[in-house]
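Undergrad: Need coordinates for the below:
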Amino acid sequence: MRFSDLFRRLLPLALLAVLSGCGSYYSYWGNPGGDSARLIRPPAYRVAVPRPTQALLTDAGADRFSNTLAEALRVAEVPAVALAAPYPLDWPLRVSAERRGDRLVPRYELLDADGDSLGSADGAPVSLRSWGLEEEAAFKQVADRDAKLVVQLLERVEAARKASDPQALAGQGVIRIRLAGVRGAPGDGNRSLNDQMRNFLTKLAYLPQDNAEGATYAVQGQVEAVNTGDKQRIELQWIVTRRDGYELGRVVQLNEVPRGSLNGLWGDVAYVAAEQAANGIREVLRNAAQPPEITNPQTPQATIIRP
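TA: Residues are numbered from 1 along each chain as shown. You can find the predicted model right below:
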C-alpha cells in the first residue's frame, strides 16, 4: 500500500474543529452572543502595536509602552492590541523615537497588512530624562496624548479608501481569504500545503490571495513534527482569523507517519491534507456567519467534524 493511500485512510480520523483554550475541541470559539451580527461583517481593521525596537527603550520598557499605547487606543475606540507578531490582517503601528537635544520626539507609522505605509505622524517632544526612566506615568501621558494622532491617521486612511472604492470594506460579493503561508513542515510541506490549500479553497468558491488588501479572513498553517521512535507525529493547524484579529477557529489534523517519510516531497499527502482541511475551514466560516445556538454560554457543546 502506498504511503499516500495510508495517509488518506488515516487522515479522516483527525479532528477538524476549533481548539479551545482548555484543550478540548469545539466547532466554534467561545460564545458569539451579542457579537454574532459582527461576525458576518467584521470591523475593517485591527491595529497591532509590536514592541518598539528603535525607541531608545529597554526591552521591558518597550513592552510596557506598547501595552500602554494599545490600551490608550482602545479607550479611543480603536481596536488595538499589543502583539509580538501581528496577525495576517492586522495593521501594524510602528513606534520609533528620535533624540533632539534634551528632548525626544516619538514617531508613529501606520502600515497596512501587506507592510505598505499608510501614513506617519510625530508626537510632541518628551523629556529625555522621564522617557529614559521608563516611568509608567510618563508612558501613559504620552500614549493618551498621541493616541489621538493615530486616530487621525486612521480617519484619513478610511476617508481616502471610501472615496476611491465605497465597497472596498463592505465585505460584499465573493469572500476573499488571505493565505498567509504554512510554516514548520519538513521537506517541501510548507509550499505544497499552501499551494494545495489555494486550489481547494478556490474549488469551494472562495477567492484566496497572497496579499491582505480586500481580504475579509486569513488562513495560516502551522505544522509541528515530533519524532517518537520510528514514528513521527504530525500536527497541522490551520488558523482562521478575521480582519479585527478575532480568531474564528482552528482546523486541527493529527497523524503518525513513518519517521522521515515527509522530509522530501509531500505530493499526494499535501493534496489529501489540504482537501480535508479546506472543508473544515468552510465549516468554521459557516459557523462565523451563522453561529450555532448555545443553550449554556459557559459550557459550549463539543462537536467533532468528520469529513
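Undergrad: was I right about Ala62 contacting Pro50?
TA: No - between Ala62 and Pro50 there is no contact under Cβ atoms under 8 Å: 9.1 Å. Bear in mind the C-beta positions are built from the backbone N, C-alpha and C, glycine included.
Undergrad: Just the helices from the stretch 1-150 of the chain, written as ranges.
TA: 3-10, 36-40, 59-75, 128-133, 136-164 (DSSP state H, counting those that start in this stretch).
Undergrad: Can you pull the phi/psi pair for Gly245?
TA: Phi and psi for Gly245, reported as degrees, to the nearest 10, are phi 90, psi 0.
Undergrad: same question, the one 3 residues further on
TA: Listed backbone geometry of Leu248 is phi -80, psi -30, with angles given as degrees, to the nearest 10.
Undergrad: okay but it is in contact with Arg286, surely?
TA: No - assessed by Cβ under 8 Å, Leu248 is found out of contact with Arg286, at 10.4 Å.
Undergrad: more neighbours, those two?
TA: Neighbours per residue (other Cβ atoms under 10 Å) separate Leu248 from Arg286, with Leu248 holding more: 21 against 12.
Undergrad: Quickly note the distance from the more buried one to Ala62.
TA: For Leu248, the distance to Ala62 equals 30 Å [Cβ to Cβ, to the nearest Å].
Undergrad: One more: Thr216?
TA: 32 Å.
Undergrad: quick one, which of those two is more surrounded?
TA: Counted by other Cβ under 10 Å, Thr216 and Ala62 do not tie: Thr216 has more neighbours, with 24 against 19.
Undergrad: Could you dump the helices of the stretch 1-150 of the chain into JSON lines and include mean pLDDT?
TA: Shown next, in JSON lines, are the helices of the stretch 1-150 of the chain (pLDDT from 0 to 100):
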{"stretch": "helix 3-10", "mean pLDDT": "48"}
{"stretch": "helix 36-40", "mean pLDDT": "35"}
{"stretch": "helix 59-75", "mean pLDDT": "94"}
{"stretch": "helix 128-133", "mean pLDDT": "88"}
{"stretch": "helix 136-164", "mean pLDDT": "82"}
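Undergrad: Out of those helices, flag the one nearest Arg198.
TA: For the helices of the stretch 1-150 of the chain, the distance to Arg198 is smallest for helix 3-10, at 19.7 Å, taking Cβ to Cβ.
Undergrad: Looking at the helices of the stretch 1-150 of the chain, which one is packed in the most?
TA: helix 59-75 (a mean of 19; mean count of other Cβ atoms under 10 Å).
Undergrad: ok, so what distance separates Asp210 from Tyr108?
TA: For Asp210, the distance to Tyr108 - Cβ to Cβ - is 27 Å.
Undergrad: need the helices for the stretch 201-307 of the chain, in chain order.
TA: Assigned by DSSP H, counting those that start in this stretch, the stretch 201-307 of the chain shows helices spanning 268-289.
Undergrad: Output the below-cut-off pLDDT ranges for it.
TA: 290-307 (pLDDT under 70).
Undergrad: Leu73 reaches Ala80, doesn't it?
TA: Yes - counting by Cβ under 8 Å, Ala80 is a contact partner of Leu73 at 3.7 Å.
Undergrad: Please enumerate the shared neighbours of these two.
TA: Taking Cβ atoms under 8 Å, 6 or more residues apart in numbering as the contact rule, Leu73 and Ala80 both touch 47, 49.
Undergrad: So for stretch 80-100, what gets flagged as buried?
TA: If you call a residue buried by 16 or more other Cβ atoms under 10 Å, then stretch 80-100 has these buried ones: 80-83, 86-95, 97.
Undergrad: quick check, nearest of those to Ile281?
TA: Pro88 (13.9 Å).
Undergrad: so what's the backbone phi/psi at that closest one?
TA: phi -60, psi -30.
Undergrad: separation between it and Gly245?
TA: For Pro88 relative to Gly245 (Cβ to Cβ), the value is 9 Å.
Undergrad: likewise Thr58?
TA: Taking Cβ to Cβ as the measure, Thr58 falls 27 Å from Gly245.
Undergrad: So if I had to pick from these two, which one is more boxed in?
TA: Gly245 (23 against 10).
Undergrad: can I assume that one is in contact with Val81?
TA: Yes - between Gly245 and Val81 there is a contact under Cβ under 8 Å: 6.3 Å.
Undergrad: Common neighbours of these two, please.
TA: Common neighbours of Gly245 and Val81 (Cβ under 8 Å, 6+ apart) are 46, 48.
Undergrad: ok, Asp210 and Tyr108, which is more surrounded?
TA: Legend: neighbour count by other Cβ under 10 Å for Asp210 and Tyr108, higher for Tyr108 (21 against 12).
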